[in-house]
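*Asks:* I'll drop the sequence and a predicted model, then ask my questions.
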Number of protein chains: 2
Amino acid sequence: MLKDSGWPSMAQRKSATNGRAVLTAGDGFARSYLAYLLARASFNVSNEFHAMLKTWRMTVPEWRVLACLTDVEGLSVGELAAMALMKQPRLTKVLDRMERDGLLKRRSTASDRRRVALHLTAKGRTRVAPVLLAARTHEADLLAQFTSTERATIKHALDLLIGRAGRSAAD
Amino acid sequence: MLKDSGWPSMAQRKSATNGRAVLTAGDGFARSYLAYLLARASFNVSNEFHAMLKTWRMTVPEWRVLACLTDVEGLSVGELAAMALMKQPRLTKVLDRMERDGLLKRRSTASDRRRVALHLTAKGRTRVAPVLLAARTHEADLLAQFTSTERATIKHALDLLIGRAGRSAAD
DNA sequence: CCATGTTGCATGAAAAGGAATATTTTTAAT
DNA sequence: ATTAAAAATATTCCTTTTCATGCAACATGG
């Protein structure tokens, strides 16, 4: 099932753990399905860091919100939901918790009073700062395993996937 | 923040929606952080298909379990959890529902009576069959947007990421 | 064998998430 | 203006997930 849909062949690998052995065995779904490979790659990369978040007593959605708002202040709820890959009702609840904890503020917008502009508080910035550093370090460690050519390949692949996946070819 | 950790530069893009415009603006977190780009790529690729799952009244974890067990019969709970990128207690409860719905069976193992071997029922196979076809089609449509060179790049990048992420260089 | 530790899975209370819908504000059409 | 439609966020009800822990079966060292 799902054997070959235009992929080039992939070299076999082995691993010590039971789970890994199964994962890399055979040639079905788990070895060739694009969505699965992407999910696994994402999982592998994010997982270690997510474990580190416990050190800071920070949840994953909290981290995402803080990181996004560090990037772009004043996002609306909808914009942040899109950026943080969450659906809006979920984000609203995450924001409730974070606002209650004093990490951010909701400000109503003058021009469109339906919109809510989100701003980190000083407390929020203080909270996210060390985690951002850890994220940078973690990423650097990961990327250091690759040659610059490999890094370019990865970046190019993600560019392709983010650019074209999930919309028509004309866009 | 998180500006540059060894990435090659990425061309700018624009998009119609508000969310997208924010996503692709600037040069922070959302444009350069590997974990984020991977999560977004995975999200983009999987999302449309996950929406289709509603057509079959199938949840995402149910789909993952059915797809994995289609690939490899007789997996243990732990193996399946690793393969389906879920933690074990969650999988146990997903399995409870699916077993109750007659989609699979738990069989105790003779050699190690702690282990539980998982097997699809005929009903489970019937249920997953059309979804597997849809998955193949969806993937083929997606991959058709790329040249074979681009497909090779994507595959190679995923191979690199899955091979090396989340473990030491020596493994 | 027995004690001790470990592994594999299940469970239970508490928190979080999802789908549908409500509410308020804006936009558009007449 | 007025009414209808759309958009942004919040809310509600119900299901699912999580975290911690429990329990049984295996492994190992004396």
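*Replies:* All right, it came through fine.
*Asks:* Then residue A:105 would be within a strand, right?
*Replies:* Yes: with DSSP: H, G, I helix; E, B strand; the rest coil as the criterion, residue A:105 is part of a strand.
*Asks:* what residues are up against it?
*Replies:* Neighbouring residues of residue A:105 by CB atoms under 8 Å, 6 or more residues apart in numbering or on different chains: A:99, A:118, A:119, A:121. Every C-beta, even on glycine, is put in place using the N, C-alpha and C of the backbone.
*Asks:* I'd like to know how far it sits from residue A:76.
*Replies:* Residue A:105 is 13 Å from residue A:76, where distance means CB to CB, to the nearest Å.
*Asks:* shared neighbours of the two, anything?
*Replies:* Shared contacts of residue A:105 and residue A:76, defined by CB under 8 Å, 6+ apart, are found at residue A:118.
*Asks:* What parts of chain A come near DNA strand C?
*Replies:* Residues of chain A lying close to DNA strand C (CB under 7 Å from any atom of the strand) are A:18, A:59, A:61, A:86-87, A:89-90, A:93-94, A:97, A:111-114.
*Asks:* Could I have the buried ones of those as PyMOL selection syntax?
*Replies:* Buried residues among these (16 or more other CB atoms under 10 Å in any protein chain shown), as a PyMOL selection:
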select buried, chain A and resi 61+86+94
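*Asks:* Nearest to chain B, out of the residues of chain A next to DNA strand C: which one, please.
*Replies:* residue A:18 (5.8 Å; CB to the nearest CB).
*Asks:* List the buried residues in stretch A:106-120.
*Replies:* A:116, A:117, A:118, A:120.
*Asks:* Residue A:120 against residue A:74, yeah?
*Replies:* No: Residue A:120 lies out of contact with residue A:74 (CB atoms under 8 Å); the separation is 9.9 Å.
*Asks:* Reformat the residues of chain A next to DNA strand C as JSON lines; add secondary structure and pLDDT.
*Replies:* Shown next, in JSON lines, are the residues of chain A next to DNA strand C (DSSP: H, G, I helix; E, B strand; the rest coil; pLDDT from 0 to 100):
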{"residue": "A:18", "secondary structure": "helix", "pLDDT": "43"}
{"residue": "A:59", "secondary structure": "coil", "pLDDT": "97"}
{"residue": "A:61", "secondary structure": "helix", "pLDDT": "98"}
{"residue": "A:86", "secondary structure": "coil", "pLDDT": "97"}
{"residue": "A:87", "secondary structure": "coil", "pLDDT": "97"}
{"residue": "A:89", "secondary structure": "helix", "pLDDT": "98"}
{"residue": "A:90", "secondary structure": "helix", "pLDDT": "98"}
{"residue": "A:93", "secondary structure": "helix", "pLDDT": "98"}
{"residue": "A:94", "secondary structure": "helix", "pLDDT": "98"}
{"residue": "A:97", "secondary structure": "helix", "pLDDT": "97"}
{"residue": "A:111", "secondary structure": "coil", "pLDDT": "94"}
{"residue": "A:112", "secondary structure": "coil", "pLDDT": "96"}
{"residue": "A:113", "secondary structure": "coil", "pLDDT": "96"}
{"residue": "A:114", "secondary structure": "coil", "pLDDT": "97"}
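*Asks:* tell me the two of the residues of chain A next to DNA strand C that are most distant?
*Replies:* A:18 and A:111 (57.3 Å; CB to CB).
*Asks:* The longest helix anywhere in chain A and chain B, are they touching?
*Replies:* Among the segments of chain A that qualify as a helix by DSSP state H, the longest is helix A:122-143. Yes: interface with chain B: helix A:122-143 contributes A:132, A:135, A:136, A:139, A:140, A:142, A:143 (CB under 8 Å from any CB of the partner chain).
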